[in-house]
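> Okay, structure incoming, though there's no sequence with it:
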Ligand SMILES: Nc1ncnc2c1ncn2[C@@H]1O[C@H](COP(=O)(O)OP(=O)(O)OP(=O)(O)O)[C@@H](O)[C@H]1O
Ligand SMILES: NC(=O)c1ccc[n+]([C@@H]2O[C@H](COP(=O)(O)O)[C@@H](O)[C@H]2O)c1
Ligand SMILES: [Zn+2]
């Protein structure tokens, strides 16, 4: 069987983006390539809409700018600004579907019922996606195990959405300390049903950096160097984000 072509899409706040957000993509790609049944042709970061309303969520423009800076040295991961540009918050299933539909439309222009794809809307598409014309490319959700485990938070995700995300797209889950994704899957009927669509990737070089800890350090004027990209630190400083006025670089 030829390998499945995959685009990894990570959803989240990226408030601010950390080195670990970028590492997730590298770890996932290495793992999928080693398994031999997938080829990763691109990666996407989709920052959440301001309407998500999470505590201390910086505005979307700043978060997108920081992601762009963080990705300056990546040859294969891109920012998707679609989610931030919508009127309101979009459920993750909708985010995955939007990207999948547009990739499908580019790969199979004739049989697709989308109106002609507007090039301005698809600058997130990997550069070489058109090389796969006529083929299929799967958008998969890339996440940390804490996001997977949030599927169990009452009222946060609908059962239908979970089934569509896992059944129609698939998950690549990076382990995180204090999580047990295998046990979480075992405890869920729907996740067990679609287990073949879930790849768990063990992060052996653990790094518990999180945006919350970065914001805390910035608030306290502590250094965050080597935890997030230098260009993102400069940006935060320049725009006085996260109460970082006296931060030393
Ligand atoms: N250290 C990490 N290990 C594994 N996955 C991570 C890590 N940090 C972030 N992620 C994953 O990155 C994605 C985006 O997460 P998010 O923007 O919430 O980052 P975060 O560092 O968890 O921020 P916050 O502390 O604000 O929740 C999620 O899927 C999350 O699980
Ligand atoms: N029902 C849903 O689709 C649903 C529910 C909760 C969070 N999410 C997404 O998960 C991500 C969570 O990000 P945080 O971990 O930063 O809160 C966001 O991208 C958010 O949109 C989706
Ligand atoms: Zn988080």
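Looks like it arrived, so ask away. Model, not experiment: these values are computed from the prediction. Ligands and ions are numbered 1, 2, ... in the order given.
> Point out the residues in this structure that sit beside ligand 2.
Contact residues (Cβ under 6 Å from any ligand atom) of the chain with ligand 2: 11-13, 48, 52, 54, 91-93, 147, 156-157, 161. (C-beta placed from N, C-alpha, C; glycine too.)
> In contact with the spatially closest residue to residue 39 that is not a sequence neighbour, which residues?
Nearest non-adjacent residue to residue 39, counting by Cβ to Cβ, 6 or more residues apart in numbering: residue 3, 4.7 Å away. Residues in contact with residue 3, defined by Cβ atoms under 8 Å, 6 or more residues apart in numbering, are 36-39.
> Nearest to ligand 2 among these?
residue 38 (22.8 Å; Cβ to the nearest ligand atom).
> That closest one contacts residue 28, correct?
No: between residue 38 and residue 28 there is no contact under Cβ atoms under 8 Å: 9.7 Å.
> who's more crowded, these two?
residue 28 (25 against 22; other Cβ atoms under 10 Å).
> moving C-terminal of the one helix or strand that one maps to, what's the next helix or strand?
Element membership of residue 28 [criterion: DSSP states H and E] is helix 19-35. Going down the chain from helix 19-35, the next helix or strand is strand 38-47, by DSSP H and E.
> And ligand 1, is whichever helix or strand comes after that next one touching that?
Scanning forward in sequence from strand 38-47 by DSSP H and E, the next helix or strand is helix 60-70. No: against ligand 1, helix 60-70 shows no contacts by Cβ under 6 Å from any ligand atom, the least distance being 9.1 Å.
> Paired strands for the following helix or strand past helix 60-70, with orientation please.
Toward the C-terminus, helix 60-70 is succeeded by strand 77-79 as the next helix or strand (DSSP H and E). Applying DSSP bridges, strand 77-79 is found paired with strand 38-47 (parallel).
> Residue 84 and ligand 2: what is the separation?
With distances taken as Cβ to the nearest ligand atom, to the nearest Å, residue 84 is found 11 Å from ligand 2.
> doesn't residue 64 make contact with that residue?
Yes: look at residue 84 against residue 64 with Cβ under 8 Å: they come within range, at 5.8 Å.
> anything in contact with each of the two?
Common contacts of residue 84 and residue 64 (Cβ under 8 Å, 6+ apart): residue 47.
> where exactly do the helices run in the chain?
Secondary structure of the chain, counting by DSSP state H: helices at 19-35, 60-70, 82-85, 92-107, 145-149, 159-164, 181-186, 189-193, 211-219, 230-238.
> a markdown table please, covering the ones you listed and showing mean pLDDT and distance to residue 7.
A markdown table is the format used below for the helices of the chain (pLDDT from 0 to 100; distance: least, Cβ to Cβ, whole Å):
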| stretch | mean pLDDT | distance to residue 7 |
| --- | --- | --- |
| helix 19-35 | 98 | 11 |
| helix 60-70 | 98 | 16 |
| helix 82-85 | 97 | 13 |
| helix 92-107 | 95 | 7 |
| helix 145-149 | 97 | 18 |
| helix 159-164 | 98 | 17 |
| helix 181-186 | 97 | 21 |
| helix 189-193 | 97 | 22 |
| helix 211-219 | 97 | 23 |
| helix 230-238 | 97 | 24 |
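> Verify the stated contact: residue 81 with residue 124.
Yes: in this structure, residue 81 is within contact of residue 124 by Cβ under 8 Å, at 7.5 Å.
> Burial check on residue 105, number of neighbours?
Other residues near residue 105 number 17, with proximity taken as other Cβ under 10 Å.
> and the chain, which residues reach ligand 1?
Within the chain, the positions near ligand 1 by Cβ under 6 Å from any ligand atom are 10, 12-15, 18, 20-21, 24, 143-144, 146-147, 174, 176, 207-212.
> Now with 5 Å, please.
Contact residues, the chain versus ligand 1 (Cβ under 5 Å from any ligand atom): 12-14, 20, 143-144, 146-147, 174, 176, 210-212.
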